[in-house]
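Chemist: Sequence and computational prediction follow.
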Amino acid sequence: MEASRQEVLRRLKEAADLFISNPRSSLLIPEIRTNLGYAIPEARNVEDVAAIPGRITCAFGKSFYCMPPQFGASDHIARVILTAMKHDQAVRSAIDLRYEESIVKSLPSEELCVFNRNVETEESRSVERHTMNLMVDFCYKLWDGKSHKFIIDEGDVGKEKTLFVLGKDPVDVVKISLSLLDLI
């Protein structure tokens, strides 16, 4: 188990370094900054998902992060990954990116789900930190259990519109994300 956790941290750091090494990566970072996470196999809770403490951010067009990956560092991206893993144990990594219309228009519709927070009931809105779980569950129901790569969270009042990329490994997720730069 410890070897698996160390491999997750190593691979996540490799992916984060790959992301920030691209001089244009700051174009993908939303105002809320970027979460990048990776779960151990058969993850059950937030402590089984590693992420970048404080997220990946940018200033003056340069992307960076301040601390190495840690387990339990992001409840937000962990909930996305853990919910995806309920549907497909192979999906162990995710990143959230800035919503960019030119990117979204170019994504294959069969690999994309758009989540509008209006589907939330008053009851689900009252449950703290429930939206990410609801979003991923909603998309997997639309996808009929198949795994896909992209989820758009259309946001809400005070909630930024974002694009999630899901995958099996953080390096693959980052490579997909960086390939989207060609669409801006």
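Modeler: Cool, got the structure.

Chemist: Any stretches of the chain with poor pLDDT?
Modeler: 118-129, 145-148 (pLDDT under 70).

Chemist: thinking residue 74 is in contact with residue 51, fair?
Modeler: Yes. Counting by C-beta atoms under 8 Å, residue 51 is a contact partner of residue 74 at 3.5 Å. Bear in mind the C-beta positions are built from the backbone N, C-alpha and C, glycine included.

Chemist: can you list residues touching both of these two?
Modeler: Any residue near both residue 74 and residue 51 by C-beta atoms under 8 Å, 6 or more residues apart in numbering counts here, and that gives 35, 37.

Chemist: what about those two, which has more around it?
Modeler: residue 51 (29 against 24; other C-beta atoms under 10 Å).

Chemist: mind pulling up the phi and psi values for the more buried one?
Modeler: Dihedral angles of residue 51 (phi, psi; degrees, to the nearest 10) stand at phi -150, psi 180.

Chemist: quick one: the helices in this protein?
Modeler: Listed in chain order, the helices of the chain (DSSP state H) span 2-21, 75-87, 101-106, 122-126, 131-142, 170-179.

Chemist: Residue 184: what's it in contact with?
Modeler: 24, 27, 100, 102-103.

Chemist: Next, format these as a markdown table and append distance to residue 160 and neighbour count.
Modeler: Shown next, in a markdown table, are the contacts of residue 184 (distance: C-beta to C-beta, whole Å; neighbours: other C-beta atoms under 10 Å):
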| residue | distance to residue 160 | neighbour count |
| --- | --- | --- |
| 24 | 20 | 12 |
| 27 | 15 | 17 |
| 100 | 12 | 18 |
| 102 | 17 | 9 |
| 103 | 15 | 21 |
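
Chemist: Out of these, which comes closest to residue 41?
Modeler: Distance to residue 41, by C-beta to C-beta, is smallest for residue 103 among these, at 30.5 Å.

Chemist: ok, that closest one touching residue 163?
Modeler: Yes. Counting by C-beta under 8 Å, residue 163 is a contact partner of residue 103 at 6.8 Å.

Chemist: Would you quantify the distance from the nearest residue in space to residue 58 that is not next to it in sequence to residue 79?
Modeler: Closest residue to residue 58 apart from its sequence neighbours, by C-beta to C-beta, 6 or more residues apart in numbering: residue 26 at 3.7 Å. According to C-beta to C-beta, to the nearest Å, residue 26 stands 25 Å off from residue 79.

Chemist: Please say which of these two ends up with more neighbours.
Modeler: Using other C-beta under 10 Å as the criterion, residue 26 and residue 79 rank with residue 79 on top: 22 against 19.

Chemist: show me the contacts for that one.
Modeler: 46, 129, 132-133, 136.

Chemist: mind checking how far residue 27 is from residue 112?
Modeler: From residue 27 to residue 112 the distance is 20 Å (C-beta to C-beta).

Chemist: Check residue 90 too.
Modeler: 19 Å.
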